[in-house]
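S.K.: Give me the fold of what follows.
(one chain, ligands or ions: 3)
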Amino acid sequence: MVYIGGMSRLDELKAFLRFPSVSCQKAHDDDTAGCADWLVAKLSSMGFDAAAHKTGRHPIVVARGSEVPGKPRLLIYGHYDVMPVDPIEAWESDPFEAEVRDGRIYARGASDDKGEIMAHILAAEELLREDGALPVNITFLFEGEEEMGSRSLHDFLPGHRGLLACDVIVVSDTGMAAPDVPTFSYGLKGLACCEVEVSGPAMDLHSGMFGGAVANPITALCEMIATCRDSGGHVLIEGFYDGVDDIASWERVMWSRVPGMDDASLARLTGVSALRPEEGYTGAECIYARPTFELNGISGGYEGDGSKTVIPTRARAKISCRLVPGQDPERVNRLIREHFERVAPRGVTVKVTPQHGGEAYVCDPHSPFGKAAQQALEETFGNAPVLVREGGSIPVIAEISKVLGRDALLLGLDLPDARIHSPNENMRLEIFEKGIEMSKNLLRRLGEIH
Ligand code: BES
Ligand code: MN
Ligand code: MN
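M.R.: Residues are numbered from 1 along each chain as shown. Ligands and ions are numbered 1, 2, ... in the order given. Prediction:
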């Protein structure tokens, strides 16, 4: 165990995990600000020039290490905000009082993204202590709104190009295939979220007095949703696939070999009797590189005990599409709106309200920085990394990459069983330790590039 200033690596992580920095819940705004201040104090104690920049909502922490002449500059991105904890009763221990059980640390944020951030911070701190200097220039960029769409960072970027200037972006906020399978991601999905509201009668109606004569908004919504995809999983919204390239054959071959990502293993992992991927594609291909149309919630009418014979006045659905390179989130939301307006049956009105989104991201995994990162992964884990494109999204990454004109290296540590966004989120201690070693190796390797 490595101790610095009396705190073990694990103690540092526990202190960070203690803040209930739930970004989307106003009641936690002070906790979220406190978490940003804690990061500033931590990074300042390491000699970094650190500040929490005020925004319209949660602070953005930027910290620059002292200049290392002639070495590349890394922008290490992460988010200190976390998802809500509910359902709280499903947690086996307090989500904000981290507990170690069977080799894992359990807390909200343990994997997404505090454990991953802490691995990079501790790597820098230990290298500074061991070698007296860092092998590269580092700027840390930690935002507090990733889980709610990164609005403030989006607004912050254009005015802070100088502060954030770098040669490459480093992100540990993505998945890892298995504990002994290091994972290098060269892409992220984009996202387009919207809400659909279908309104019918002016008030709830007795379903016998009026049923059969008046359109039921829930039925109408279901009919409309059913026109969005065919039975093979192909999205039927006109123009949805415009600009989408087919998956390259080298990617298909490569992804067929990713451990744990075959259809049978995915079915086992998710507890379904069989996968149902888009026709013509494997589950892994759909996750990594096919755009999706998903319903995340649907509501309306009576959902309490017993039955209540009623035609409800309205019904709602929350929709999100995962996007791939070539798709524009605003355009996809517009296409969805036009589709729903076109297929709305007589007797109801439909309103589609766009929510947050962001573009997909992809880069060349074989750039000099990409190769150095893969070397660092192999050195640390003893196995060559698998190369994947993530099914998940960090919508602001495409934006940061575009504004700064640099690639992002995605070196995630979130295992399939880390339960991110779910009760009992955890990180294996072994992965936390390896993450610190990986970051040290990464900083050294990237420092060798001119
Ligand atoms: N860290 C995740 C993204 C992720 C997780 C990518 C695992 C790949 C593998 C991130 O915090 C996240 O949850 N993103 C959200 C989007 C956000 C706008 C709510 C997502 O992907 O749903
Ligand atoms: Mn995350
Ligand atoms: Mn998340």
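S.K.: Nearest residue to Val40 in space, please, no chain neighbours.
M.R.: Ala50 (4.6 Å; CB to CB, 6 or more residues apart in numbering). Where C-beta positions appear, they are placed from N, C-alpha and C, glycine not excepted.
S.K.: try Arg419
M.R.: Glu425 (4.8 Å).
S.K.: any idea how far ligand 2 is from the residue nearest to Val40?
M.R.: 21 Å (CB to the ion, to the nearest Å).
S.K.: Provide the contact partners of the host helix or strand of that residue at residue level.
M.R.: Per DSSP states H and E: Ala50 is located in strand 49-53. If you take CB atoms under 8 Å, 6 or more residues apart in numbering as the criterion, strand 49-53 is touched by 33, 36-37, 39-40, 43-44, 59-66, 140, 156.
S.K.: For those residues, which ChimeraX command selects only the ones that are buried?
M.R.: Of the contacts of strand 49-53, the buried ones can be selected in ChimeraX as follows, counting by 16 or more other CB atoms under 10 Å:
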select :33,36,39,40,43,59,60,61,62,63,64,65,140,156
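S.K.: pLDDT weak spots in the stretch 151-300 of the chain?
M.R.: Nowhere does the stretch 151-300 of the chain drop to pLDDT under 70.
S.K.: re the thing from before, CA atoms of the strand holding Ala50 as PDB?
M.R.: Provided in PDB are the C-alpha atoms of strand 49-53 (Å, rounded to 0.1, in the frame of the first residue of the first chain):
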ATOM      1  CA  ASP A  49      -2.400  25.800 -10.400                       C
ATOM      2  CA  ALA A  50      -6.000  24.900  -9.800                       C
ATOM      3  CA  ALA A  51      -9.300  26.800  -9.800                       C
ATOM      4  CA  ALA A  52     -13.000  26.100  -9.800                       C
ATOM      5  CA  HIS A  53     -14.600  28.200 -12.500                       C
END
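S.K.: Now do the residue located most distally from the centre of the chain against ligand 2, distance only.
M.R.: In the chain, the greatest distance from the average C-alpha position (CA atoms, centre = their mean) is reached by Met209, at 48.2 Å. According to CB to the ion, Met209 stands 51 Å off from ligand 2.
S.K.: next one: Ser401
M.R.: Taking CB to the ion, one finds Ser401 at 17 Å from ligand 2.
S.K.: Tell me the spatial nearest neighbour of that residue, not counting adjacent residues.
M.R.: Per CB to CB, 6+ apart, closest to Ser401 is Ala408, 5.3 Å.
S.K.: one step back: so what does the residue nearest to Arg419 look like in phi/psi?
M.R.: phi -60, psi 140 (degrees, to the nearest 10).
S.K.: cool, and Val168?
M.R.: Dihedral angles phi and psi of Val168 (degrees, to the nearest 10) take the values phi -160, psi 150.
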